[in-house]
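Q: Just a sequence and a predicted model for now, questions to come.
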Amino acid sequence: MTQSPLANAAANPVTDGLPRVAYARGSYLFDVDGKRYLDGSGGPAVYCLGHAHFEVNEALRIQNEKVAHAYRYHFTSDASDELQAIITDRTGGHFRHMVFVTSGSEAVESCMKIALQYHAACGQMSRRRFISRRRSWHGNTLGALSVSDFKSRREAYEGSLLDVSFVSAANAYRPPAGVSADQLIPYLAQELEDEILRVGPENVAAFIFEPVVGAAGGVVPAPEGYAKAVQAVCKRYGVLMIGDEVMCGSGRTGTWRALEQDSIVPDIMSIAKGLAGGYVPLGAALYSDEIHEAMVAAHGGVQTGHTFTGHTTACAAGVAVQTIITRDRLLDHVLARGARLQRDLRSALSDVPEVGDIRGRGYFIGLEIVADAKTRKPFDAGLMVHADIGQRALEAGLICYPCAGNVGGIAGDTIILAPPYNATEETLGEILTMLTKAIKDSIFAMKKLAAAA
């Protein structure tokens, strides 16, 4: 009798205790015991069309029957050319040049390398430094990790990371001490300028930021006017602007580019998660004509890339996903329905003062849980309120995205929702009901625990 290889699987503390997935359909996944899970966060904000979409799967079948992967230095392909044309169109013609990769981390890493190569092409080899923001997350490769301020994810690698400057997060709910709401944007712009001057403009390659901070902050859109203000600072000193839209881009906020809502275009931009919706790993680094022309003149073209850059089937997945989103006008729906979902959450949780903030754009929504609504004091980190809410939701059959550390890198509890763009009204209603109950039950338990202490 042949023994299943699962019988000899080694213990893994990361995955032990997790349910084993069997299959998925639309917004729902099912484990091997038959339990159903509603995917309220699209995994980590990836599954923009849900799971097992027939048209996407059919596009993958057709492409794989032709060729799964043709190496980019040997062949071009219809799939990669079509996806490039789609992205150029969706970005309003601003980005005609791109490098396709297989993850968001690779996309950010490629953006950083493109910035460095551009300055090298311009004869400015001193421009090697990057500036980023506190409570940011850009990826797990060493370069992307270097520009990330996520304490728990950085600690094991300290000492081998790049020397990066960090300026304050653009968080209206938690502004820098003593900074009023009307002074926040001028303060942040001046802080960036001061840091550029401190390091020396001739040494700064780029400023990188998330238009809407994801896991590191619990969905934090920058205040209106912020992006324009920091872009003006960057232009003043010849510093490139990298917009990291791995999590918030590809339509997640209701416009294809999150920065479209801020009325700016960065020099370089990373995208991934929603680009192919998780059907095949895919990301991209996009860059301007000016950057492209400089690199071509000096080096013959962009020099970053990998074996699987422009993977044929991955690009076919991207084409299928993006075609469906456009055909079905899903971004119009996300923009309008996302705003209503926020209102519905505020109404359902209006009697829970510990829900200190509900924020976001489109189908990218964050809830911040606090111990004191007036002072915005977070719960003690040891209570792990975010994890308790997430576990209660999971046990009830709802997947959400609990995060911690948005206050000082250790404390702070947030919950992220990022449903599929094509989620039904019934599905959204289920998310609302199930998350509301998980939050209320968790807060009640925390209060009971505090009373007994």
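A: Thanks, I have it. Residues are numbered from 1 along each chain as shown.

Q: how about Ile86, what does it touch?
A: Each residue near Ile86 by Cβ atoms under 8 Å, 6 or more residues apart in numbering is listed here: Gly318, Val319, Gln322, Thr323. (Glycine included, C-beta is placed from N, CA and C.)

Q: How many residues are close by Glu425?
A: 8 (other Cβ atoms under 10 Å).

Q: Filter the contacts of Ile86 down to the buried ones.
A: Gly318, Val319, Gln322, Thr323 (16 or more other Cβ atoms under 10 Å).

Q: what's the distance between Asn344 and Asp357?
A: That one is not Asn; residue 344 is Asp. 16 Å (Cβ to Cβ, to the nearest Å).

Q: neighbour count winner among those two?
A: Between Asp344 and Asp357, counting by other Cβ under 10 Å, Asp357 is the more crowded of the two (21 against 17).

Q: Tell me if the more buried one really is in a strand.
A: Yes. Assessed with DSSP: H, G, I helix; E, B strand; the rest coil, Asp357 lies in a strand.

Q: partner residues bridging it?
A: The partner list for Asp357 in beta bridges (DSSP bridges) reads Glu368.

Q: quick check: longest helix of the protein.
A: helix 425-452 (DSSP state H).

Q: buried set for that helix?
A: Within helix 425-452, the residues that qualify as buried are 427-428, 430-432, 434-436, 438-440, 442-443, 446, counting by 16+ other Cβ under 10 Å.

Q: about what we covered before: can you redo the buried ones among the contacts of Ile86 as JSON lines, where the extra columns are distance to Ser77 and pLDDT?
A: Output for the buried ones among the contacts of Ile86, formatted as JSON lines (distance: Cβ to Cβ, whole Å; pLDDT from 0 to 100):
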{"residue": "Gly318", "distance to Ser77": "12", "pLDDT": "98"}
{"residue": "Val319", "distance to Ser77": "11", "pLDDT": "98"}
{"residue": "Gln322", "distance to Ser77": "16", "pLDDT": "98"}
{"residue": "Thr323", "distance to Ser77": "16", "pLDDT": "98"}
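
Q: Show the model's pLDDT score for Ala5.
A: One thing to correct before we go on: residue 5 is Pro, not Ala. The model reports Pro5 with a pLDDT of 54.

Q: residues contacting Val370?
A: With Cβ under 8 Å, 6+ apart, Val370 has these contacts: Glu354, Val355, Gly356, Asp357, Arg376, Lys377, Pro378, Phe379, Asp413.

Q: Assign a three-state SS to the last one, would you?
A: On the three-state scheme (three-state DSSP), Asp413 is labelled strand.

Q: what's the helix or strand for Ile389?
A: According to DSSP states H and E, Ile389 maps onto helix 385-396.

Q: no wait, Cys403
A: strand 401-407.

Q: and the longest helix of the chain, what other elements does it pack with?
A: Counting contacts by 3 or more Cβ pairs under 8 Å, 6 or more residues apart in numbering; DSSP states H and E, helix 425-452 is packed against strand 36-39, helix 330-348, strand 364-369, helix 385-396, strand 398-399, strand 411-417.

Q: So for Arg134, which of these sits nearest?
A: Closest approach to Arg134 among the helices and strands packed on helix 425-452 (Cβ to Cβ): strand 411-417, 12.4 Å.

Q: angle of the closest one against strand 401-407?
A: 150 degrees (axes from the mean of the first three to the mean of the last three Cα atoms, to 10 degrees).

Q: Give me the sheet partners of strand 411-417 and which way each runs.
A: For strand 411-417, pairing defined by DSSP bridges yields strand 364-369 (antiparallel), strand 401-407 (antiparallel).

Q: how about the nearest residue to Ser263, chain neighbours excluded?
A: Lys228 (6.8 Å; Cβ to Cβ, 6 or more residues apart in numbering).
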